[in-house]
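Peer 1: Okay, sequence plus prediction incoming.
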Amino acid sequence: MTITRFSEFQPDRLVRDNEPKEEEELSMVESYRARIDEAEGFSGVWELVKETVKTTLGEQRLGMLLFLDDLPLHLGAYHQVGTNNIVLNRSLLNIVETVTKSKKHVNAFVYSILTHEYLHALGHISEAEVHSLVYDVSKRCFGEDHIVTTLAEKTPWMLLKGIPLRGIAVNKQDMELIKDLEKPNQRYII
């Protein structure tokens, strides 16, 4: 057994050991920012929802299904307790797409809404707790100054500020299942 004498102690080594963690967090934030901005469709955003929640909270749930339905415009989405279903408001999403004309903002909106409902699906029932958790996950993974975090802190509806949603008629269509939301990570042997 080798004993290090106090005179050989190098305190600057402790500082250097912490630097990679900070660099890793910065590169994680940069990676998540790039990925949310470029995510394609619901499955691209959904993968980020699951990954960021698992990274931040260590929680996950497989087998979730996403449906689109035309709901009242004050409702972004819902998860019925005891199911694997999240129902996203198609009419509201169409309005966000029309108003913002920005893939980055639409992806941030969808991320914020889906993360909220995913946390309910993971067993977090309290709206106050879920709101706080969405903000915590967003801030840690996207940084304080990203649109995802701003929507989590305030409300996703801030993208629609000044739009009189009460005056917009919702045309009800059939509920639609988003196919291939989750990519299976294991092959089944038949």
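Peer 2: That came through fine.

Peer 1: hmm, which helix or strand of this structure has the shakiest average pLDDT?
Peer 2: Scoring the helices and strands of the chain by mean pLDDT, DSSP states H and E places helix 11-38 at the bottom, with a mean of 71.

Peer 1: Check which element follows it along the chain.
Peer 2: Beyond helix 11-38 on the C-terminal side, the first helix or strand identified by DSSP states H and E is helix 41-57.

Peer 1: Kindly export the helix or strand that that following helix is followed by (C-alpha atoms) in PDB.
Peer 2: On the C-terminal side of helix 41-57, the nearest following helix or strand under DSSP H and E is strand 65-69. Output in PDB follows, covering the C-alpha atoms of strand 65-69 (Å, rounded to 0.1, in the frame of the first residue of the first chain):
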ATOM      1  CA  LEU A  65     -49.500   5.600 -27.600                       C
ATOM      2  CA  LEU A  66     -50.100   9.100 -29.000                       C
ATOM      3  CA  PHE A  67     -53.500  10.100 -30.400                       C
ATOM      4  CA  LEU A  68     -54.500  13.400 -32.100                       C
ATOM      5  CA  ASP A  69     -58.000  14.700 -31.400                       C
END
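
Peer 1: Would you mind checking the average pLDDT for strand 65-69?
Peer 2: Strand 65-69 carries an average pLDDT of 97.
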